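S.K.: I'd like to go over a predicted model; first the sequence, then the structure.
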Amino acid sequence: MNTKFLDLLAQKYDSEEKVVTEIINLEAILNLPKGTEHFVSDLHGEYQAFQHVLRNGSGKVKEKIKDIFKEELSEQEINEFATLVYYPDEKIQLIKNSFDNDEELNEWYKKFIEYMIRLIPYTSSKYTRTKLRKALPNQFVFIIEELLYKTDEYSNKKGYYSSIVEQIISLGQADKLIIGLAYTIQRLIVDHLHVVGDIYDRGPEPDKIMDTLINYHSVDIQWGNHDVLWIGAFAGSKVCLANIIRICARYANLDIIEDVYGINLRPLLNLAEKYYEDNPVFRPKIQAGEDISDYEKLQITKIHQAIAMIQFKLESPIIKRRPCFHMDERLLLEKINFNENEITIRGTTYSLENTCFATVDPNNPTKLLEEEKQVMDKLLFSIQHSEKLARHMKFLMKKGSLYLKYNGNLLIHGCIPLDENGNMEKMVIEGNTYAGRELLDVFERYVRYAFAHPEEIDDLATDMIWYLWTGEYSSLFGKREMTTFERYFIKDKKTHKEIKNPYYYLREQEEICRNILADFELDPEQGHIINGHTPVKEIEGENPVKANGKMVVIDGGFSKAYQSTTGIAGYTLLFNSFGMQLVAHKKFNSKEDVLKDGNDVLSVKRLVDEELERKKVRETNVGEEILQEISILKSLMEYRYMN
Ligand SMILES: O=P(O)(O)OC[C@H]1O[C@](O)(COP(=O)(O)O)[C@@H](O)[C@@H]1O
Ligand SMILES: [Mn+2]
C-alpha cells in the first residue's frame, strides 16, 4: 500500500493503541445485527402523513413499546406512550392541560422518564455506545448515561437516581428531557431511510419534506419522475419548468412556487388574465376542506391554461432536435386542424373540446408569443436564483440517484424498460446503444451534467431530463406516452390511456426479476427489486409482493388524489436483521386525531422474507466499507508499529 497514504493516516492514529482500539471497535460493529432500513416512496408533498410514518417508524415504535411493556401497561397507556414518542411537544402540552396540580404532573414526569429510559437500551441494542451517545440530546448526554447504565445491584444508588430525576423536574427541564428522549427513540428505531422517489408534486408541502430529509440522520433518495422534473427546471429546462408550474396550478399549489420558493408569478398572471377565461377542464383540483375563493379559482384556471399552452409549444422544438427520443407522435399542436377544431392522432380524428388557443397561430402553432417568451425567461431566471430551491435541489443531487444498489437490493422508482419478450429496451443516444443498467447510467450522467451546467438550456443533457419525465424508454416514466394534451382537450377516454411498459406485467415473473438483478450485478438469489411509482390497487386484490417475493412495490400512496383507487394509503417496507416486512398503512387523517385518541391508524404486516440467520452488519454495504477500513488499518499496523 502507498506509504504516503499510510503516513498521512498515521497522523490520525499516532499510537499503536489507537490503531488497535479502532480495529477492535470496527470488528465488533461487524458482528452487530444490521440496522433497520426504512423504505418509503411517492410522498407527493404530503408532509404530515410522511412525518407520521417517519415518527412511528411504520409501526416499529409501538411494537418495541409493546415488547417491553405489554404486561405492565394497558392498551390505552401504550397508546399514550407511543404518541408521546411520536409527537412529544404536542403531547406534553396536552398532558399538562389535563392535570390540575403539579404533584400529578410530577408523578407523570417521573413515570414517563423512567419508561423512556427503559425503552432506550432495547431500541439501541444493535448499536455501539458511541453511536447511541451521538443519538442522545446533547445537553443531557451525561445525565442520560448515568440513568441508562445504572447497575443497581447493591441498591445503594437508588436514592442517587431518583434525586437526578427529581432535580430535572424541579429545575424545569423535564419537558426538554422527554422531548429529547422521544427523538432519540425515533432515531434509534430506524437506522437508515430510503426514499424511492416522488417527493414533489400534487401535495402541498414538498419543501417541508425536503427540509426533514436534509436534517435526517441517514438517508438516500432514488429520484422519481416528479423529482427530476424539478431538477430539470432548476437545471434550465423551460419545458420542465412549465410542467412544474402547470402541476402546481392543477392542484392549487401555486403557493409552493410563489411563497415557498419566492418565484414571482405576476408576469404569468398578467399574460393569463389577458388571454384566458374560465374553462372547466383547467379548474384546479381542490381537496376536501380546502378553502379557495371563486375569484382565486378563476385566476388559477387562467394561469393553468397559460402555462399548459406554453408547455405544449415548448415540447415541439425538443422533439424535432432530438430524433433519438422518437416522439414525433407528440407533435400534437401541428396535428390540429384549426378550421374544423379537430386533431388526428395515430390515424383517428377527434374533435377538440374546451380549447384555449388564443395565443396559437394556426400557421405556426408552436411559436411562442413574445410575451410568452418573456414570461418564461423571467420565470427561469427566478427559479435558478431561488436560494431555497437551490438548497433543496443540491440535496436531491447529493443524496439522490436514478437507482441504488443497497444491501443486495435494487431500488428504483419506476422500471427497467423492457420489450414484450422481456428483453431490455435499447436506446441509441449519440450513436451509442444502451439498455438496462447501462442506459440508466447514461441517463444519470446527463442529469448530472445538466445540473452542473444550468446556463446550457437547449443541450442534449437538459433535454434528456425532460425525456426522463415523459419519454417511452425512461426508467422513471415507464409508459409509452404522456397524454396530458388529450386529457384536457379530447373527450374520448381511449385517448387518455397511457400504455404502460411491458415491465409492469412482466415484473410478476420471477425469471424477469432475476435477469434484471443480474444485469445490475446483484445476486438474484438474495436480492429484491424495490419499486415505487405505481399505486398498488389493493381494492382490486393487487398484491404488492410479486415474482415470488423478488419484487416489492411500495408506492406509499401518500397522495390523497389516489387513495380512492388504491383502497389504502399505501405501503412502506422495513428491512432489519430478521428480514423484510411490508407495512400497509390506512389513511392518515391528521396529527390531531392521533394525539387525541392515541390510536394511530395501525398497519398490517406481511412478511416478505425471513432470514434464516440474523443478518449482521458484516453482510451489508456498510460492513463492506468497514472491512476495507480494517484492512487499511492492519496495513498501517504492520507498516508503522509491528517491526
Ligand atoms: O392525475 P393527473 O394530475 O392527471 O396526472 C396524471 C399524470 O401523472 C402521471 O401519472 C405521472 O405521475 P406519477 O409518477 O405520480 O404517476 C402521468 O403519467 C399522468 O399523465
Ligand atoms: Mn412517479
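M.R.: Yep, that arrived. Everything quoted here is computed from the prediction, not taken from an experiment. Ligands and ions are numbered 1, 2, ... in the order given.
S.K.: list the contacts for T433?
M.R.: Taking Cβ atoms under 8 Å, 6 or more residues apart in numbering as the criterion, T433 is in contact with 426-427. Just so you know, the C-beta spots here come from the backbone N, C-alpha and C atoms, and that holds for glycine as well.
S.K.: who's it bridged to?
M.R.: Residues in a beta bridge with T433, per DSSP bridges, are V428.
S.K.: what about it, distance to ligand 2?
M.R.: As for T433, its distance to ligand 2 is 26 Å (criterion: Cβ to the ion, to the nearest Å).
S.K.: That residue and I319, how far apart?
M.R.: T433 sits 21 Å away from I319, taking Cβ to Cβ, to the nearest Å as the criterion.
S.K.: likewise I92?
M.R.: Going from I92 to I319 by Cβ to Cβ gives 57 Å.
S.K.: now N2
M.R.: On the measure of Cβ to Cβ, N2 and I319 end up 51 Å apart.
S.K.: Looks like P317 contacts L368 (just checking).
M.R.: No: counting by Cβ atoms under 8 Å, L368 is not a contact partner of P317; they are 9.8 Å apart.
S.K.: how about the nearest residue to the residue of the stretch 251-400 of the chain found nearest ligand 2, chain neighbours excluded?
M.R.: When Cβ to the ion is the measure, the stretch 251-400 of the chain has its nearest residue to ligand 2 at G400, with 14.0 Å between them. With Cβ to Cβ, 6 or more residues apart in numbering as the criterion, G400 has its nearest non-adjacent residue at 3.9 Å, and that residue is I221.
S.K.: Ok, K131 next?
M.R.: Using Cβ to Cβ, 6+ apart and skipping the chain neighbours, the partner closest in space to K131 is S124 (7.8 Å).
S.K.: For burial, what's the neighbour tally of that neighbour?
M.R.: Per other Cβ atoms under 10 Å, the neighbour tally for S124 reads 21.
S.K.: same deal with K238?
M.R.: Around K238 there are 24 residues (other Cβ under 10 Å).
S.K.: quick one, what contacts it?
M.R.: 314, 376, 380, 457.
S.K.: Now flag whichever of these is closest to Y467.
M.R.: Distances from the contacts of K238 to Y467 were compared by Cβ to Cβ; the smallest belongs to L314, at 13.7 Å.
S.K.: quick one, phi psi at the closest one?
M.R.: L314 adopts backbone torsions of phi -70, psi -20, taken as degrees, to the nearest 10.
S.K.: Let me see the contact set for it.
M.R.: Contacts here follow Cβ under 8 Å, 6+ apart; on that basis L314 touches 238-239, 242, 368, 376.
S.K.: Give me the nearest residue to the closest residue to ligand 2 within the chain, chain neighbours excluded.
M.R.: Per Cβ to the ion, H533 is where the chain lies closest to ligand 2, at 4.0 Å. Closest residue in space to H533, ignoring its immediate chain neighbours: G414 at 4.7 Å, by Cβ to Cβ, 6+ apart.
S.K.: Output the below-cut-off pLDDT ranges for the stretch 351-500 of the chain.
M.R.: Within the stretch 351-500 of the chain, the set of residues satisfying pLDDT under 70 is empty.
S.K.: Tell me which residue in it sits closest to ligand 1.
M.R.: M482 (4.6 Å; Cβ to the nearest ligand atom).
S.K.: is it fair to say that residue lies in a strand?
M.R.: No: for M482, which was evaluated using DSSP: H, G, I helix; E, B strand; the rest coil, the result is coil, with no strand membership.
S.K.: Could you verify my assumption that it touches E472?
M.R.: No: the criterion here is Cβ under 8 Å, and M482 misses it with E472 at 9.9 Å.
S.K.: who's more crowded, those two?
M.R.: For M482 against E472, the residue with the higher neighbour count under other Cβ under 10 Å is E472, and the figures read 20 against 17.
S.K.: Distance-wise, check the more buried one relative to C324.
M.R.: 11 Å.
S.K.: do L379 as well
M.R.: The value you get for L379 to C324, if Cβ to Cβ is used, is 28 Å.
S.K.: Looking at those two, which one has more neighbours?
M.R.: When neighbours are counted by other Cβ under 10 Å, L379 and C324 differ, and L379 comes out ahead with 23 against 16.
S.K.: give the contact list for the residue lying closest to that one once chain neighbours are set aside.
M.R.: Nearest residue to L379, sequence neighbours excluded (Cβ to Cβ, 6+ apart): L241, at 6.0 Å. When contacts are counted by Cβ under 8 Å, 6+ apart, L241 touches 232-233, 376, 379-380, 383.
S.K.: tell me the SS of the residue lying closest to V281 once chain neighbours are set aside?
M.R.: With Cβ to Cβ, 6+ apart as the measure, N354 is the residue that lies nearest to V281, at 4.5 Å, once sequence neighbours are left out. N354 carries the three-state label coil when classified by three-state DSSP.
S.K.: Please name the residues that touch N354.
M.R.: For N354, the contact set (Cβ under 8 Å, 6+ apart) comprises 279-282, 488-489.
S.K.: how far away is it from N279?
M.R.: 6 Å.
S.K.: Over to E510?
M.R.: Between E510 and N279 the computed distance is 48 Å (Cβ to Cβ).
S.K.: Now do the contacts for whichever residue of the stretch 151-300 of the chain sits closest to ligand 1.
M.R.: Proximity to ligand 1, evaluated over the stretch 151-300 of the chain using Cβ to the nearest ligand atom, is greatest for N225 at 4.7 Å. Contact partners of N225, counting by Cβ under 8 Å, 6+ apart, are 197-198, 413-414, 468-469, 474, 476-477, 533.
S.K.: Cross these against helices and list the overlap.
M.R.: Restricting these to those inside helices, with DSSP state H as the criterion, leaves 468-469.
S.K.: Identify the farthest-apart pair in the contacts of N225.
M.R.: With Cβ to Cβ as the measure, no two of those lie farther apart than D198 and S474, at 13.8 Å.
S.K.: In terms of packing, which of the two has more residues around it?
M.R.: Higher neighbour count among D198 and S474: D198, with 31 against 27, using other Cβ under 10 Å.
S.K.: Could you find the closest non-adjacent residue to that one?
M.R.: Spatial nearest neighbour of D198, chain neighbours left out: G224 (3.2 Å); criterion: Cβ to Cβ, 6+ apart.
S.K.: Please apply the same query to K64.
M.R.: Among residues not flanking K64 along the chain, T123 sits closest, at 5.6 Å (Cβ to Cβ, 6+ apart).
S.K.: Could you pull up the contacting residues of the residue positioned nearest the centre of the chain?
M.R.: Averaging the C-alpha coordinates of the chain gives a centre point, and the residue nearest to it by Cα atoms, centre = their mean is V195 (3.3 Å). With contacts defined as Cβ under 8 Å, 6+ apart, V195 is in contact with 40-41, 43, 213, 219-222.
S.K.: May I see those residues arranged in JSON lines, with distance to ligand 2, secondary structure and neighbour count as well?
M.R.: Below are the contacts of V195 laid out as JSON lines (distance: Cβ to the ion, whole Å; DSSP: H, G, I helix; E, B strand; the rest coil; neighbours: other Cβ atoms under 10 Å):
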{"residue": "V40", "distance to ligand 2": "13", "secondary structure": "strand", "neighbour count": "26"}
{"residue": "S41", "distance to ligand 2": "8", "secondary structure": "coil", "neighbour count": "30"}
{"residue": "L43", "distance to ligand 2": "11", "secondary structure": "coil", "neighbour count": "32"}
{"residue": "L213", "distance to ligand 2": "17", "secondary structure": "helix", "neighbour count": "22"}
{"residue": "V219", "distance to ligand 2": "19", "secondary structure": "strand", "neighbour count": "18"}
{"residue": "D220", "distance to ligand 2": "17", "secondary structure": "strand", "neighbour count": "18"}
{"residue": "I221", "distance to ligand 2": "13", "secondary structure": "strand", "neighbour count": "25"}
{"residue": "Q222", "distance to ligand 2": "11", "secondary structure": "strand", "neighbour count": "28"}
